[in-house]
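[1] following is a predicted model, sequence given first.
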Amino acid sequence: MNNKNPMLTTKEKWVETASLIVDVTGVSLIISLTAALYMKAFCNGIYERIAGSALKLAEALW
């Protein structure tokens, strides 16, 4: 029963690859936001130092 159309198989692989990329991107974003919220809640001094440095860098580049 392996009579699949080769074009359909290519489409399925493309969709599977795109789905994996979206999943990895979403999980990475969730982890990054969770880390930022954790730092804001429990490590406020470190968070403000990092955020302040990033803000100064953005102002210097602007």
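    Arrived safely, thanks for sending. Numbers count the residues shown, from 1 in each chain.

[2] listing request: residues of the protein with sub-threshold pLDDT.
    Counting by pLDDT under 70, the ranges of the chain that qualify are 1-8, 10-11.

[3] what about the longest helix in it?
    Counting by DSSP state H, the longest helix found in the chain is helix 6-42.

[4] next, the buried residues of the helix or strand just after that helix.
    Tracing the chain C-terminally past helix 6-42 and defining elements by DSSP states H and E, one meets helix 44-61 next. When burial is assessed from 16 or more other CB atoms under 10 Å, helix 44-61 yields the following buried residues: residue 47. For every residue, glycine as well, the C-beta is placed using N, CA and C.

[5] cool, and stretch 29-41?
    By neighbour count, with 16+ other CB under 10 Å as the criterion, the buried positions of stretch 29-41 are residue 39.

[6] can you check stretch 9-22 too?
    Of the residues in stretch 9-22, none is buried by neighbour count under the rule 16+ other CB under 10 Å.

[7] run the chain-centre distance for it.
    Its chain's C-alpha centre lies 18 Å from the corresponding centre of stretch 9-22 when counted by CA atoms, centre = their mean, to the nearest Å.
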